[in-house]
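Student: Pasted the sequence and its predicted model underneath.
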Amino acid sequence: MSEKKSKDAKAVENRLEKFETLLRCQLTNDELISRGNELAEASAEAGTLEDTLASIKKEFAAKIAGKEARINELSGTIRAKSETRIVKCEREFLYGEGLVMEIRADTKETIKSREMRDDERQQELEV
């Protein structure tokens, strides 16, 4: 029976299967030089990006500060319900009274009244 068993049993063959996996490998001198150059380049690019970021942050901080200043200005205007503007005015010289009146051209409101200075008392001669 043991002879029969050995005749019927086939020889077991080993199998070889190929695959890939990550393993540590020693670098060659050329690979070390290449990685060093790559490191230097990446480091320089990172520095440039950091400088650019700082510049952009400053730029946006200035823009934000400008908007905050405008917000404060508008808040004050709304709170006061008025604002300062350039307005056309007229200066009227009242020689008989010795006064100078400053009057808004748009509302005819007197904004200032004062005594004439000596140089203003001199009337121009008609030619």
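Tutor: Everything's here; your move.
Student: Give me the neighbour count for Gly114.
Tutor: Actually, residue 114 is Arg. It isn't Gly. Other residues near Arg114 number 11, with proximity taken as other CB atoms under 10 Å. C-betas here are computed from N, CA, C, even on glycine.
Student: Point me to the helix or strand that includes the closest residue to it other than its chain neighbours.
Tutor: Once flanking residues are discounted, Arg114 sits nearest to Val100: 5.4 Å by CB to CB, 6 or more residues apart in numbering. Here Val100, judged by DSSP states H and E, is contained in strand 99-104.
Student: What residues sit buried inside that strand?
Tutor: Val100, Ile103 (16 or more other CB atoms under 10 Å).
Student: List the contacts of it.
Tutor: 87-94, 109-116, 120 (CB atoms under 8 Å, 6 or more residues apart in numbering).
Student: Convert it to CSV, retaining C-alpha atoms only.
Tutor: Provided in CSV are the C-alpha atoms of strand 99-104 (Å, rounded to 0.1, in the frame of the first residue of the first chain):
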residue,chain,number,x,y,z
LEU,A,99,-19.3,144.3,8.6
VAL,A,100,-18.3,141.3,6.5
MET,A,101,-21.0,138.6,6.2
GLU,A,102,-20.1,135.1,5.0
ILE,A,103,-23.2,133.4,3.5
ARG,A,104,-23.8,129.9,2.2
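Student: Paired strands for that strand, with orientation please.
Tutor: strand 89-94 (antiparallel), strand 110-115 (antiparallel) (DSSP bridges).
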